[in-house]
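Undergrad: Provided below for reference: sequence and predicted model.
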Amino acid sequence: MKKSFFIAMLVIFCQTFTTGAPAADAQPDTVYVVHSSGQVTEGEGDIALTVDDVSDPLEPVNRFLFGFNDLFYQILLQPVASLYAQALPEPMRVGVRNMFQNLATPTRVVSALLQGKVEQSGVELGRFGINTVFGFLGFEDVAGGMGMKGANEDLGQMLGYHGAGDGLYLVWPILGPSNLRDSVGLVGDALLNPLTYVPHDLGYRLGLFGYWTVNDASLHLTEYEDLKKSAIDPYVSVRDAYLQRRQTQVKE
């Protein structure tokens, strides 16, 4: 869900700092893992993160906001996204997602460059040119079919690459799970996204981000519910799944 909610982009402000290491004699708590299928369980799996690795001093507030976001999803986003999915075939919705991703090329180019990934930055520029001209403004991933594979790069990953720790775990209203480092990165991502500078009023731009959110949610309708069903504590599972995914992306 990193990736697409819009309202909190307007209010995020914070600074990055790293968490302290656990005491040497501390016993690790329950281990939650993310499997290749995306399921979150206890025990061994593809990636493991102990609760001791998580800095969550704002847990009571975060849990409240998690509940608010869950209610928002159940009452509004999921029903709207489900109706939208019924009205528009999946290939069309994938094409819309491709167009939004194509517009977000500046974020990936800058993030890759700041990590020293000059070649990947060039690939992203090439993908943008080819898909814009020959892929109907990015609707079709023509460049991908030519072997030019895109990468998942953002400024939060860039900060992590240069040594910035997760910092405090945060849950933002509507936006969902994050941390201090990624919240700072989201501000930069928004400033690099051309949609931020679309003419007309703020409501018009928020409408575009809202449509982006609904379209993206329509392509992942069952994932959140599946995670909740398999989780002992949905809050902890979502938190640890998010942090594990971001740790993996930083290392790539």
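TA: Yep, it's here.

Undergrad: for stretch 136-146, how far is the first residue from the last?
TA: Stretch 136-146 has an end-to-end distance of 16 Å (criterion: Cα to Cα, to the nearest Å).

Undergrad: ditto for stretch 157-176
TA: 17 Å.

Undergrad: give me the buried positions along that stretch.
TA: Residues of stretch 157-176 classed as buried: 157-161, 164-172, 174-176 (neighbour count, 16 or more other Cβ atoms under 10 Å). Where you see a C-beta, it was placed from the backbone N, CA and C, and this is true even at glycine.

Undergrad: so which of these belong to helices?
TA: 157-161 (DSSP state H).

Undergrad: of all these, which comes closest to H220?
TA: Nearest to H220 among those, counting by Cβ to Cβ, is Q157 at 20.5 Å.

Undergrad: can you map out the helices along the stretch 1-150 of the chain?
TA: Taking DSSP state H, counting those that start in this stretch as the test, the helices found in the stretch 1-150 of the chain are 59-72, 78-87, 90-103, 105-114, 118-134, 142-145.

Undergrad: those helices: which one's closest to L191?
TA: Closest approach to L191 among the helices of the stretch 1-150 of the chain (Cβ to Cβ): helix 105-114, 9.1 Å.

Undergrad: mind listing what's buried in that closest one?
TA: The neighbour-count check on helix 105-114 (16+ other Cβ under 10 Å) flags 105-114 as buried.

Undergrad: returning to that earlier point: any chance of the ones in helices among the buried residues of stretch 157-176 in a markdown table, plus pLDDT?
TA: A markdown table is the format used below for those (pLDDT from 0 to 100):
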| residue | pLDDT |
| --- | --- |
| Q157 | 96 |
| M158 | 97 |
| L159 | 97 |
| G160 | 96 |
| Y161 | 96 |
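
Undergrad: any low-confidence regions in the stretch 51-200 of the chain?
TA: 51-52 (pLDDT under 70).

Undergrad: for stretch 115-132, list every residue counted as buried.
TA: Using 16+ other Cβ under 10 Å as the test for burial, stretch 115-132 gives 115, 117, 120-121, 123-124, 127-128, 130-132.

Undergrad: quick check, N131 in contact with G138.
TA: Yes - contact between N131 and G138 holds when scored by Cβ atoms under 8 Å: they sit 4.6 Å apart.

Undergrad: okay, and the common contacts of those two?
TA: 98, 102 (Cβ atoms under 8 Å, 6 or more residues apart in numbering).

Undergrad: before we move on, the earlier item: closest one to P194 out of the ones in helices among the buried residues of stretch 157-176, please.
TA: Closest approach to P194 among these (Cβ to Cβ): M158, at 19.1 Å.

Undergrad: relative to K117, how far out is that closest one?
TA: 10 Å (Cβ to Cβ, to the nearest Å).

Undergrad: then Q101?
TA: Plainly put, Q101 is 18 Å away from K117 if you go by Cβ to Cβ.

Undergrad: please apply the same query to D233.
TA: Applying Cβ to Cβ to D233 and K117 gives a distance of 37 Å.

Undergrad: could you do N179 as well?
TA: Counting by Cβ to Cβ, the separation of N179 from K117 is 23 Å.

Undergrad: likewise for P177?
TA: 26 Å.

Undergrad: related to what we said a few turns ago, turn the buried residues of stretch 115-132 into a markdown table, including distance to L192.
TA: Listed next are these as a markdown table, based on distance: Cβ to Cβ, whole Å:
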| residue | distance to L192 |
| --- | --- |
| Q115 | 15 |
| K117 | 16 |
| Q120 | 16 |
| S121 | 13 |
| V123 | 17 |
| E124 | 12 |
| R127 | 16 |
| F128 | 13 |
| I130 | 21 |
| N131 | 18 |
| T132 | 17 |
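
Undergrad: and the two most separated of these?
TA: Once Cβ to Cβ is applied, the buried residues of stretch 115-132 give Q115 and T132 as the farthest pair, at 24.1 Å.

Undergrad: hmm, back to that, of the buried residues of helix 105-114, which is the nearest to S55?
TA: Proximity of the buried residues of helix 105-114 to S55 (Cβ to Cβ) peaks at S111, which lies at 24.0 Å.
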